[in-house]
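Chemist: Attaching a predicted model along with its sequence, questions to come.
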Amino acid sequence: MTRFDPDGILRRNQRIPPRGGRPYTAGHSGTQESEGEVGSRRPGSSAPERRPRVEFLWWEECPSWERVLARLRETMAELGLDPDSIELRRIDTEADAAATSFAGSPTIRVDGADVQSPGDAPIGLSCRIYRRRDGSVSPLPDPADVRDALVAAL
């Protein structure tokens, strides 16, 4: 299904390939299935496994995005989730930022919710600052916030 995209943002959103080098095709977000879709059954369980929709939004000018993406992939693998299912969305313009409510790079959303509320951070092309649980600030989200968001979505 093609979404209405008057500004061509979906076409301009280039995607970097997931680990393993399989390239994305136009209009396709990797191996991710639709939000809320169920996958295979968990071993020893009759309940289907739910796959959360994980989005990673990034701006190339921020140096921390690669480290955050690597940590996100590691965390997903530890939780038994497919790291290659992450929807990678490169934000290139202020119009892209406005269309996606992009509060800075990198941004991680699980089932549409940011892993840490951006509060009153402005929308636009900027490097994101996260407040960590120990009170410090960092360009990387607190690993516990990412893990908790993923676990809550399972």
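Modeler: Cool, got the structure.
Chemist: which residues of the chain fall in helices?
Modeler: 9-12, 65-78, 94-100, 143-153 (DSSP state H).
Chemist: any chance of these in CSV, plus mean pLDDT?
Modeler: What follows is those, written out as CSV (pLDDT from 0 to 100):
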stretch, mean pLDDT
helix 9-12, 40
helix 65-78, 97
helix 94-100, 97
helix 143-153, 97
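Chemist: Which positions within stretch 129-147 qualify as buried?
Modeler: Tyr130, Pro139, Pro141, Asp142, Asp145, Val146 (16 or more other Cβ atoms under 10 Å). For glycine as for every other residue, the C-beta is placed from the backbone atoms N, C-alpha and C.
Chemist: Take the residues you listed and lay them out in JSON lines including distance to Arg71.
Modeler: Output for the buried residues of stretch 129-147, formatted as JSON lines (distance: Cβ to Cβ, whole Å):
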{"residue": "Tyr130", "distance to Arg71": "12"}
{"residue": "Pro139", "distance to Arg71": "12"}
{"residue": "Pro141", "distance to Arg71": "9"}
{"residue": "Asp142", "distance to Arg71": "11"}
{"residue": "Asp145", "distance to Arg71": "11"}
{"residue": "Val146", "distance to Arg71": "7"}
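Chemist: so which of the residues you listed would you say is closest to Val68?
Modeler: Ranked by distance to Val68 (Cβ to Cβ), the buried residues of stretch 129-147 are led by Pro141 at 6.8 Å.
Chemist: give me every residue that touches that closest one.
Modeler: By Cβ atoms under 8 Å, 6 or more residues apart in numbering, the contact list for Pro141 reads Val68, Ile108, Val115, Gln116, Tyr130, Arg132.
Chemist: Which of those residues fall within strands?
Modeler: Among these, the members falling in strands (DSSP state E) are Ile108, Tyr130.
Chemist: That's all I had, so thanks and see you.
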